[in-house]
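1. need a 3D model of the following:
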Amino acid sequence: MKALGEEKDWVVISGDLRITRNPAEREAWRESGLTAFFLQKAWGNQTIWPFSSRFILWWPRIVAQAGMAPKGKGFYVPWGGERFEDVPR
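-> Residues are numbered from 1 along each chain as shown. Sure, this is the predicted structure:
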């Protein structure tokens, strides 16, 4: 993450929620300054077609939010619902 953070315009999309919970991983992400979107647990329970179709529906919102968010901000992407949830600092 540190190397990506040193480059310009990277955004992380991950299904690994440990990054938001494990103190060492969370600190590495925070220090990188990368804006990140974390797919909530329900995403991991889906087969490829429901996952893909839902992700495509979220994509324009992810791109728009990434463009507006301050660097280093984190968001949870819910399976259900319409809004991102902030990852607490």
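
2. could you pull out the strands in the protein for me?
-> Here the chain has its strands, by DSSP state E, at 11-14, 35-39, 74-77, 85-86.

3. okay, the third one in CSV with CA atoms only?
-> As requested, C-alpha coordinates have been extracted for strand 74-77 and formatted as CSV (Å, rounded to 0.1, in the frame of the first residue of the first chain):
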residue,chain,number,x,y,z
GLY,A,74,-12.5,4.8,3.6
PHE,A,75,-15.9,3.6,2.8
TYR,A,76,-17.8,0.4,3.2
VAL,A,77,-19.8,-0.7,0.2
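
4. returning to that earlier point: could I get the strands of the chain as JSON lines with distance to Pro50, mean neighbour count and mean pLDDT?
-> (C-beta placed from N, C-alpha, C; glycine too.) Listed next are the strands of the chain as JSON lines, based on distance: least, Cβ to Cβ, whole Å; neighbours: other Cβ atoms under 10 Å; pLDDT from 0 to 100:
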{"stretch": "strand 11-14", "distance to Pro50": "17", "mean neighbour count": "16", "mean pLDDT": "96"}
{"stretch": "strand 35-39", "distance to Pro50": "13", "mean neighbour count": "22", "mean pLDDT": "97"}
{"stretch": "strand 74-77", "distance to Pro50": "14", "mean neighbour count": "21", "mean pLDDT": "98"}
{"stretch": "strand 85-86", "distance to Pro50": "21", "mean neighbour count": "12", "mean pLDDT": "96"}
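
5. in TSV, list those along with distance to Trp58.
-> Output for the strands of the chain, formatted as TSV (distance: least, Cβ to Cβ, whole Å):
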stretch	distance to Trp58
strand 11-14	10
strand 35-39	9
strand 74-77	6
strand 85-86	13
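
6. where does this structure have its least confident helix or strand?
-> helix 2-6 (a mean of 82; mean pLDDT, DSSP states H and E).

7. elements contacting that one?
-> Packing contacts for helix 2-6, counted by 3 or more Cβ pairs under 8 Å, 6 or more residues apart in numbering; DSSP states H and E, involve helix 23-32.

8. hang on, the earlier thing: got the buried residues for the least confident helix or strand of the chain?
-> For helix 2-6, the neighbour count (16 or more other Cβ atoms under 10 Å) marks Gly5 as buried.
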